[in-house]
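Participant: pasted the sequence and its predicted model underneath.
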There are 2 protein chains.
Amino acid sequence: MISNISCSTCIIKSSAAKALSPEQLNELGNNCVQIDFKKGDVIFKEGTFSVNITYLREGVVKLHTEGKASQILKITKGPKYLGIPTTFEEKINHYSATALEDSHICFIHTNIFKSFIEENKKFAYEIIVELCNSELELFQKCVNRTKNNVYGRLAHALLFFQEKIYESNSFHLPLSREELGNFINITRESVSRVLTELDTDKIIKIKGKQIEILNADALRKLSAV
Amino acid sequence: MISNISCSTCIIKSSAAKALSPEQLNELGNNCVQIDFKKGDVIFKEGTFSVNITYLREGVVKLHTEGKASQILKITKGPKYLGIPTTFEEKINHYSATALEDSHICFIHTNIFKSFIEENKKFAYEIIVELCNSELELFQKCVNRTKNNVYGRLAHALLFFQEKIYESNSFHLPLSREELGNFINITRESVSRVLTELDTDKIIKIKGKQIEILNADALRKLSAV
DNA sequence: ATTAACAAATGATACAAATCACATTTTATG
DNA sequence: CATAAAATGTGATTTGTATCATTTGTTAAT
């Protein structure tokens, strides 16, 4: 579903877009289209041409590689730009993006995005800040994934969904056991085993994909590097 | 050793610095100091205040975490900015940087760096390009480290030094076996074992830290995800 | 409702890599 | 140059997690 949008009146602006002038916002609106994606929909695909900057206005999205042993590189919640690195100087997407929850995404012409960087210092500055934070998070993830065992990695992932995505002790996991495994690099079977064990120990309560965190401190202890 | 420098006449400019005007280069020279580091010297340390952007003009540097089980996040060669993410909006360094080869590093006042981003569109643009490439590389590394076994990871590391750092089939490894292990997340013992095996198979030739790549294709095959 | 198709749980087994223990070589130090 | 200290090599053993095999539960389709 495609919507005509007015960026000027949009209330979910990125920190960068907040820096745009009324004229620039108008220009953005004319070079930008919002598309609604349902849970599971592919937003862009590894190997295809990348012609737009994608702005995740609202929703939850995973960035992932393709292939049988797909790996989830990142899970992120709006508002946030998706995959600037894969679009900016690259012609081809280096990874795919798929909606984990119903999402609203604005596709912005790369050229207009680049022109904003050149014309608006604050805009460029905010984009740089976002890229910097993204790299720091990625380092964090790298350390966690290599220093922790399956318990620590799973605990880390659960805390991530609790704190960063749903901001609630109780949430519906948007991933299958297999996908959760691809996120933290363990097998589907091990995910099952560890989840039941955490449930038995009353650290979490599981009912299918519904998860309740009962003892966040225990999870923090487990995921401590 | 501290040198007075003239950024105007510097011939090892970053792509971003190439975009600066003569006046800006002059200003940069006045707000920037070049320091020479010897192999092994600490450039900045995790947990300390970050007050400068560090530009690795020449040399090879590792970014790494501290602690007994230190992890090498990234190894990079000049010319390149080091750790913009850890300096930009952050007050505290999230990781350390240590010279792996004698290196020349320019410490640039964060404020002047930020002012260039605001005043010079091309400068900001180039910084964004560098950050984007950095993130893509990091994703690559993540995939390699989790999808490959010890042979693949070690092969990948050897090709990295050959292609990206020394651009030669023969090079002096700037890391101990233990550090190499910290780079690709395997133990010192396994590094030894795999290296001798690769030597036995005539894929590489080792003599202490001196390494010669005899069969790069075999390494490529091993490191293919 | 009933069957099919898929996702998840669970137990048994296999295996890669870590750990442990010690020998050997290399590098640093008085 | 001798000695200590550190780095590296290598075999034996242990261990965490993947893999395999099967059962159980859940969702979708007729």
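Facilitator: It's in. Numbering: from 1, shown residues only, chains lettered A, B, ... in the order given.

Participant: pLDDT on the helix of greatest length in chain A, on average?
Facilitator: Looking across chain A with DSSP state H, the single longest helix is helix A:121-147. Helix A:121-147 carries an average pLDDT of 92.

Participant: ok, that helix near chain B or not?
Facilitator: Yes. Using Cβ under 8 Å from any Cβ of the partner chain, we find that helix A:121-147 touches chain B at A:121-122, A:124-125, A:127-129, A:131-136, A:138-139, A:141-143, A:145-147. Using the backbone N, CA and C atoms, a C-beta is placed for each residue, glycine as well.

Participant: what residues does the helix or strand following that helix touch?
Facilitator: The C-terminal neighbour of helix A:121-147 among helices and strands, as given by DSSP states H and E, is helix A:150-160. Residues from elsewhere that reach helix A:150-160 (Cβ atoms under 8 Å, 6 or more residues apart in numbering or on different chains): A:75, A:144-145, A:148, A:180, A:183-186, A:190-191, A:194-195, A:198, A:204, A:211, A:213, A:216, A:218-220, A:222-225.

Participant: can you say which of the residues you listed are buried?
Facilitator: Applying 16 or more other Cβ atoms under 10 Å in any protein chain shown to the contacts of helix A:150-160, the neighbour count classes A:75, A:144-145, A:148, A:180, A:183-186, A:190-191, A:194-195, A:198, A:204, A:211, A:213, A:216, A:218-219, A:222-223 as buried.

Participant: phi and psi next, for the most centrally placed residue in chain A.
Facilitator: Central residue of chain A (Cα atoms, centre = their mean): residue A:76, 1.6 Å from the mean position. The phi/psi pair for residue A:76 (degrees, to the nearest 10) reads phi -140, psi 160.

Participant: who's it bridged to?
Facilitator: Beta-bridge pairing for residue A:76 (DSSP bridges): residue A:61.

Participant: what's near enough to touch it?
Facilitator: Going by Cβ under 8 Å, 6+ apart, residue A:76 touches A:56, A:60-63, A:82.

Participant: swap in residue A:201?
Facilitator: Under the criterion of Cβ under 8 Å, 6+ apart, the contact list for residue A:201 reads residue A:218.

Participant: show me which residues of chain A sit near chain B.
Facilitator: Residues of chain A lying near chain B by Cβ under 8 Å from any Cβ: A:65, A:69, A:71, A:73, A:84-86, A:88-90, A:94-95, A:114, A:117-119, A:121-122, A:124-125, A:127-129, A:131-136, A:138-139, A:141-143, A:145-147, A:185.

Participant: among these, which are within reach of DNA strand C?
Facilitator: Filtering the residues of chain A next to chain B for proximity to DNA strand C by Cβ under 7 Å from any atom of the strand leaves nothing.

Participant: what subset of the residues you listed is buried?
Facilitator: Buried subset of the residues of chain A next to chain B (neighbour count, 16+ other Cβ under 10 Å): A:65, A:71, A:73, A:84-86, A:88, A:94-95, A:114, A:117, A:121-122, A:124-125, A:127-128, A:131-132, A:134-136, A:138-139, A:141-143, A:145-147, A:185.

Participant: DNA strand D next: which of those residues are close?
Facilitator: Near DNA strand D, by the rule Cβ under 7 Å from any atom of the strand, you find residue A:185 out of these.
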